[in-house]
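K.L.:
return a 3D structure for these sequence lines:
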Amino acid sequence: MTLLLNQIVQTSFKHGWFYHYRINVAHMENTCNNGFSQLKSYLHRVFETCPDEKFITGPRSSALKFPVSIQLTEDNENILCQQTVTALETMDRFKTAHSKVEVYMLENDHDTISVETPIWLDPCEHPRFSNIFNEDGALSGHIDVLKILNNKIQILDYKPKAVKEKYATTQTYFYALMLSIRSGIPLDKFHCGYFDENNCYFFDPIDVAL
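P.N.:
Model (predicted):
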């Protein structure tokens, strides 16, 4: 475990390649105490005892190539766009665009509580798992940015060239479903989106039709 800026804790997981899971403890304490204690417990628990074997085989949410039926809301004036611009321009201590955006938000946006959060779904936890994925092993993934905003858990994925994305809704929907099951928090308490410096798209996962 590494402590950054006296409030950010970090650990790394080798899940195919390295993922740097970071939590802003101060942000989490401030935002998770109003009905989201189960989320806080999960974030702490997976920090200490992440089951790495869930991430070795099985489908990855980021690799899913089928659409889900949902109406997106486009909000290109969202603060996420400006935060992304600032992050890409100023976070010189990181090499990748993803790290720049994620850590900038974790450090500077009080609603952001964690980045690269690991989540998974076992086949026995979804009645249609084998029909949907047609692959053995758990579904798994890592949530780019996790926020508490407007009394909902917001699941966000940074997507350069977001306007061209075809399956980001599928990816973030299953992120929400996995975190709902892992934390025990109902799916209607989640909000999903993906973004870059120019475009933001949002939807409520409870409205998705598979």
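
K.L.:
can you tell me how far R45 sits from Q38?
P.N.:
10 Å (CB to CB, to the nearest Å). Any C-beta I mention is one placed from the backbone N, CA and C, and that applies to glycine too.

K.L.:
so I113 makes contact with H27?
P.N.:
Yes: at 4.9 Å, I113 counts as touching H27 under the criterion of CB atoms under 8 Å.

K.L.:
helices along this protein, start to end?
P.N.:
Taking DSSP state H as the criterion, the chain contains helices spanning 25-31, 37-48, 79-90, 97-108, 129-133, 168-183.

K.L.:
relative to helix 37-48, how tilted is the longest one?
P.N.:
Between the axis of helix 168-183 and that of helix 37-48 there is an angle of 90 degrees, by axes from the mean of the first three to the mean of the last three CA atoms, to 10 degrees.

K.L.:
packing partners for helix 168-183?
P.N.:
If you count contacts as 3 or more CB pairs under 8 Å, 6 or more residues apart in numbering; DSSP states H and E, helix 168-183 packs onto helix 37-48, strand 112-121, strand 139-149, strand 152-158, strand 190-195, strand 200-203.

K.L.:
could I have the fourth one exported to PDB, CA atoms only?
P.N.:
Pointing back at strand 152-158 there. C-alpha atoms of strand 152-158 as PDB (Å, rounded to 0.1, in the frame of the first residue of the first chain):
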ATOM      1  CA  LYS A 152     -26.100   8.300  -6.800                       C
ATOM      2  CA  ILE A 153     -23.000   6.200  -7.500                       C
ATOM      3  CA  GLN A 154     -21.600   7.500 -10.800                       C
ATOM      4  CA  ILE A 155     -19.600   5.000 -12.900                       C
ATOM      5  CA  LEU A 156     -17.500   6.700 -15.500                       C
ATOM      6  CA  ASP A 157     -15.200   5.600 -18.200                       C
ATOM      7  CA  TYR A 158     -12.700   7.800 -20.000                       C
END
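
K.L.:
residues contacting C200?
P.N.:
Going by CB atoms under 8 Å, 6 or more residues apart in numbering, C200 touches 74-76, 78, 80-81, 162, 193-194.

K.L.:
show me which of those is closest to S130.
P.N.:
Y194 (27.2 Å; CB to CB).

K.L.:
isn't the closest one right next to A162, touching?
P.N.:
Yes: the criterion here is CB under 8 Å, and Y194 meets it with A162 at 5.6 Å.

K.L.:
hey, what's in contact with both of those two?
P.N.:
The contact lists of Y194 and A162 share 168, 200-201, where a contact means CB under 8 Å, 6+ apart.

K.L.:
who's the closest spatial neighbour of the most centrally placed residue in the chain, skipping the chain neighbours?
P.N.:
With distances taken as CA atoms, centre = their mean, the residue of the chain nearest its centroid is I143 (2.2 Å). Spatial nearest neighbour of I143, excluding adjacent residues (CB to CB, 6 or more residues apart in numbering): T117 at 4.3 Å.

K.L.:
so how far is L210 from the residue of the chain positioned farthest from its centre?
P.N.:
In the chain, N131 marks the outermost C-alpha relative to the chain mean, sitting 24.3 Å out by CA atoms, centre = their mean. Per CB to CB, N131 is found 10 Å from L210.
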